[in-house]
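**Student:** Predicted coordinates and the sequence they were generated for:
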Amino acid sequence: MVSKGRRDYSFRRGKISHQKFVAACEFNMGYKTRPSTTKEDIHDHIDLWVQRKDGKEYGVDVKGGTSLDTVWVEFKNVRGKDGWLYGKASFIAFDMPEEGGFLVVPREELKKYAESNVENTFVTKQEAYKKLYQRNGRQDVITKLKVSDIKGIKNFTLVKYYKE
């Protein structure tokens, strides 16, 4: 069970990452953004919509709280339902301070990469690189990937943080 303090900390970190991503899109790139609905956020795994200069709009799921040089990828959520890897977002944006911004990758390409490169073997958290991990008392199924894996996916982009 996750403590209330840990849950609150994760929520705050996620909110900060979300705000940084909006600023980077709007001020650095000149894109428009709008928040998703509660249904889109919870059921479709879309945090916000980003409208590019050509008018096309894309759903983005922003991930904060990543560890140094690694990201966690969710196949199944804590309730055992499809995780964000199988959501409706067009892009996943990983907040990576060591990169100076967000690694943005097409969700479909990340999904194909994970399905092809992650072993169908359950291991401990420490061994979870490209293997499956399930937290005690939860129904989630997650894996750990390295930043170099994300950078190897076709069409990844680095969106730099907004600087005043």
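**Tutor:** That came through fine.

**Student:** CA only for contacts and neighbour counts going forward, please
**Tutor:** Fine.

**Student:** okay, now the spatially closest residue to Phe156 that is not a sequence neighbour: neighbour count?
**Tutor:** Spatial nearest neighbour of Phe156, excluding adjacent residues (Cα to Cα, 6 or more residues apart in numbering): Val105 at 4.4 Å. Using other Cα atoms under 10 Å, Val105 is surrounded by 22 other residues.

**Student:** just checking, Val105 touches Ile153?
**Tutor:** Yes. With the criterion set as Cα atoms under 8 Å, Val105 and Ile153 qualify as a contacting pair; they are 7.5 Å apart.

**Student:** coming back round to it: give the contact list for the residue nearest to Phe156.
**Tutor:** Taking Cα atoms under 8 Å, 6 or more residues apart in numbering as the criterion, Val105 is in contact with Phe91, Ile92, Ala93, Ile150, Ile153, Asn155, Phe156, Thr157.

**Student:** for stretch 106-121, which positions count as buried?
**Tutor:** Across stretch 106-121, burial judged by 16 or more other Cα atoms under 10 Å covers Pro106, Arg107, Glu108, Glu109, Leu110, Lys111, Tyr113, Ala114, Val118.

**Student:** Which of the helices or strands spans the third one?
**Tutor:** Assignment of secondary structure by DSSP states H and E places Glu108 within helix 107-117.

**Student:** how about the nearest residue to the residue positioned nearest the centre of the chain, chain neighbours excluded?
**Tutor:** The central residue of the chain, meaning the one whose C-alpha is nearest the mean C-alpha position (Cα atoms, centre = their mean), is Lys63 at 3.6 Å. The shortest distance from Lys63 to any non-neighbouring residue, by Cα to Cα, 6+ apart, is to Phe94 (4.8 Å).

**Student:** Can you list the strands that the helix or strand containing that neighbour pairs with?
**Tutor:** When elements are assigned from DSSP H and E, Phe94 belongs to strand 91-96. Take DSSP bridges as the rule and strand 91-96 pairs in its sheet with strand 57-63 (parallel), strand 101-106 (antiparallel).
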